[in-house]
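> 3D, please:
(2 chains)
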Amino acid sequence: MPVHNSDISDILREVADLLDIEGADDFRVRSYRQAAQSIDNLSGNLREMVKQDKDLTELSGIGESIAEKIKEIVSTGSLKQLEEIKQRVPEHLADLLKVEGLGPERVKELHDELDINSLEDLKEAVENQKVRELGGFGVKMEENIGKELKRTDGESRILLIRAEEYAHPLVAYLEEFDEIGRVEIAGSYRRRKETVGDLDILVTCDKKEAVMEHFTSYEDIQEVLSKGDTRSSVRMRSGLQVDLRVISDESYGAALVYFTGSKQHNIRIRERALDRDLKINEYGVFKENKEESIAGKTEKEVYESVDLPVIPPELREDRGEVKAAEQENLPKLITLEDLKGDLHMHTTYSDGGSSIKEMAEAAKELGHEYIAITDHSKRVTVANGMDADELAKQIEKIEEINSELDGIRILKGIEVDILDDGALDLPDDILKRLDLRVCSIHYKLGLSEKKQTKRILKAMGNPLFNILGHPTGRQMPDRGEMNLDMETIMEAALENGCFLEVNATPRRMDLNDRYCRMAKERGLKVVISTDAHSTGELEHQKYGVFQARRGWLEKEDVINTRDVNDLLELLNSSK
DNA sequence: GCCGTTTTCGGCCCGACTGTTTTCAGTCG
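From the prediction side, this is the model:
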């Protein structure tokens, strides 16, 4: 069983949680958490790095001690230290930390005084009203814990596209309030993360109480969790938590930086401020021991106070962006407008809902210069996949439509299945007649890493292979990534002149941000496509752009920023 | 446990809100 980066960060987080409950030094606990975070942000593979005897302490947040522990996890699959802690602290106690309102101190108290070792135990204690008897807990807190326990069944983060569906009407509602100035959604929403845990909304307004009243009266709210002068939290009927902050115009930039995060990015920025005898909080930038803010009206002012240009929100993850900004080395991130076409979509020829012509006309409306029609091949029977004859007919049809249509070129393509043994699902002679081929896996997603990687490598060996579609196969929230050696696949793609897709379907977003970065570091170019199954879904391309931006990609890193002749030449010449 | 254009010890981001208190600890973001 190969050890993945996430296995290692999971173990380190568990160590942190249990040490925290045990009452270990806060900073020591934080070190484990930061190391875990740093590993999650990594674009490389730790197992490989250990194998190649690379110096792990060069990674941020990882020193001698944790480097050794990583090596131990890679070679044995587990960590002795963790097993030892589990002798002292029941491992399921860490689950209690996930309950909102419970931190290490309270969890320890629950364990010591009521012998609570798991969420089950806690549920029982709440039902029997034992928790309220503890010092420092009380009736209210017991009730809140009870509510949290009921609520937290299931995934709490939602897809970005869903968050937008809730956010837009709420923003419109807030803007109905007359005295309101700016309204901006900050947090991971503004950083365009693939999933969003809650919404952090920032408004400027002089009438703080009144605007809070307006907010908490929104019809879609189920429960007001807290309400103060500057901050209120509510839970919507959907379960989504929304925090509203009211700030003054003078603090707008500082608050925007602060609430956009990420937390780790903010810490970096504040550390830089301390180096300059400054203090940054959500109200502004302050000189040591002075009360008057010297900056903070705009984000630009805040970043300038620590000698940096404004860093785009998508990069604010503490993945090296502060250093890059300092060296004037920030990437010039790709934009939606840079894309000239869309190279993955379906029509009524397989499982799409719109005709070729409808897709082409809708794409033209969006400003595309070209699209590729890529219906499924026969293996995907559930999606009405095409055999060679049907594909031949589609080719003729596309040629016919191309001769009728102005202003957009339809490329002849296919999403051809990669079969179990790595062969492509249709004969070469028909595939050859196409402009391009997206090659994807839809079956046997559960193969071992070795077999799955070999399968893809074999397929890439076919000179007709152009683009690896939705490379990891994940579908949020249910289906995780296939077991893959992504480094090897990227190397193979480079060698064989293949490209990887950034599939913009909101539940896929595959490649994700980290893999985009990994591709860029290796000089491998990607394609941002929608995999649209209807005309409306052609607009999903922006979600792919978000991932690409979070992965530091620039216009040159994405091949469908090229005009059609360049693109076709690239697809053929790289073979 | 990590980290260092003041370095190998002594720091480690900062403020709001809640529930419990009677001046604050714990938690959260």
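
> can you tell if stretch A:141-157 touches DNA strand B?
Yes - using C-beta under 7 Å from any atom of the strand, we find that stretch A:141-157 touches DNA strand B at A:M141, A:E142, A:N144. In this view, the C-beta of every residue, glycine as well, is placed from N, C-alpha and C.

> In helices, which of those residues fall?
Among the residues of stretch A:141-157 next to DNA strand B, the residues falling in helices (DSSP state H) are A:M141, A:E142, A:N144.

> follow-up on the earlier one: between the residues of stretch A:141-157 next to DNA strand B, which sits nearest DNA strand B?
Minimum distance to DNA strand B across those is 3.8 Å, recorded for A:M141 (C-beta to the nearest atom of the strand).

> ok, the closest residue in space to that closest one that isn't next to it in sequence - how many residues close by?
With sequence-adjacent residues excluded and distances taken as C-beta to C-beta, 6 or more residues apart in numbering, A:M141 is closest to A:G101, at 6.8 Å. Neighbour count of A:G101, defined by other C-beta atoms under 10 Å: 10.

> Please work out how many residues are found near A:R507.
The number of residues packed near A:R507 is 18, by other C-beta under 10 Å.

> Quick check on it: phi, psi?
With angles defined as degrees, to the nearest 10, A:R507 sits at phi -80, psi -10.

> just checking, it touches A:Q475?
Yes - the pair formed by A:R507 and A:Q475 meets the contact definition of C-beta atoms under 8 Å, at 5.2 Å.

> got the contact list for A:L336?
Contact partners of A:L336, counting by C-beta atoms under 8 Å, 6 or more residues apart in numbering, are A:Q541, A:K542, A:V545.

> Endpoints of stretch A:344-364, how far apart?
With C-alpha to C-alpha, to the nearest Å applied, stretch A:344-364 spans 15 Å between its terminal residues.

> What are the buried residues along that stretch?
For stretch A:344-364, burial by neighbour count (16 or more other C-beta atoms under 10 Å) applies to A:344-347, A:349-350, A:352, A:354, A:356-357, A:359-364.

> ok, of these, which one's closest to A:K207?
A:A362 (44.4 Å; C-beta to C-beta).

> Write out the residues of the stretch 251-400 of chain A neighbouring DNA strand B.
Contacts of the stretch 251-400 of chain A with DNA strand B, taken as C-beta under 7 Å from any atom of the strand, map to A:259, A:263, A:266-267, A:270-271, A:273-275, A:279-283.

> One more pass at 6 Å, please.
A:K263, A:N266, A:I267, A:R270, A:E271, A:L274, A:D275, A:K279, A:N281 (C-beta under 6 Å from any atom of the strand).

> Can you turn the buried part of the residues you listed into a PyMOL selection?
Those of these that count as buried under 16+ other C-beta under 10 Å are selected in PyMOL with:
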select buried, chain A and resi 266+270+279+281
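
> any idea whether the closest residue to A:A325 other than its chain neighbours is helix, strand or coil?
Distances taken as C-beta to C-beta, 6+ apart put A:L308 closest to A:A325, at 4.6 Å, once the chain neighbours are dropped. Secondary structure, DSSP: H, G, I helix; E, B strand; the rest coil: A:L308 is coil.

> residues contacting A:L308?
Going by C-beta under 8 Å, 6+ apart, A:L308 touches A:I269, A:R272, A:V322, A:A325, A:E326.

> The fourth one - that's part of a helix, no?
Yes - residue assignment for A:A325, taken from three-state DSSP, places it within a helix.

> what number of residues lie near it?
By other C-beta under 10 Å, neighbour count at A:A325 equals 19.

> That one contacts A:P309, doesn't it?
Yes - counting by C-beta under 8 Å, A:A325 touches A:P309, with 5.7 Å between them.

> Give the intersection of the neighbour lists for these two.
A:Y303.

> how about the helix or strand harbouring A:A210 against DNA strand B, any contact?
For A:A210, the host element (DSSP states H and E) is helix A:208-216. No - judged by C-beta under 6 Å from any atom of the strand, helix A:208-216 stays clear of DNA strand B, getting no closer than 8.5 Å.

> Ok, stretch A:37-54 next?
No - using C-beta under 6 Å from any atom of the strand, we find that stretch A:37-54 stays clear of DNA strand B, coming within 7.8 Å at best.

> What's the end-to-end length of that stretch?
Stretch A:37-54 stretches 19 Å from its first residue to its last (C-alpha to C-alpha).

> how about that stretch: buried residues?
Within stretch A:37-54, the residues scored as buried using 16+ other C-beta under 10 Å are A:37-47, A:49-50.

> would a markdown table of these with secondary structure and distance to A:V74 be doable?
Converted to a markdown table, the buried residues of stretch A:37-54 look like this (DSSP: H, G, I helix; E, B strand; the rest coil; distance: C-beta to C-beta, whole Å):
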| residue | secondary structure | distance to A:V74 |
| --- | --- | --- |
| A:Q37 | helix | 19 |
| A:S38 | helix | 16 |
| A:I39 | helix | 12 |
| A:D40 | helix | 16 |
| A:N41 | coil | 18 |
| A:L42 | coil | 13 |
| A:S43 | coil | 17 |
| A:G44 | coil | 13 |
| A:N45 | coil | 10 |
| A:L46 | helix | 7 |
| A:R47 | helix | 5 |
| A:M49 | helix | 9 |
| A:V50 | helix | 4 |
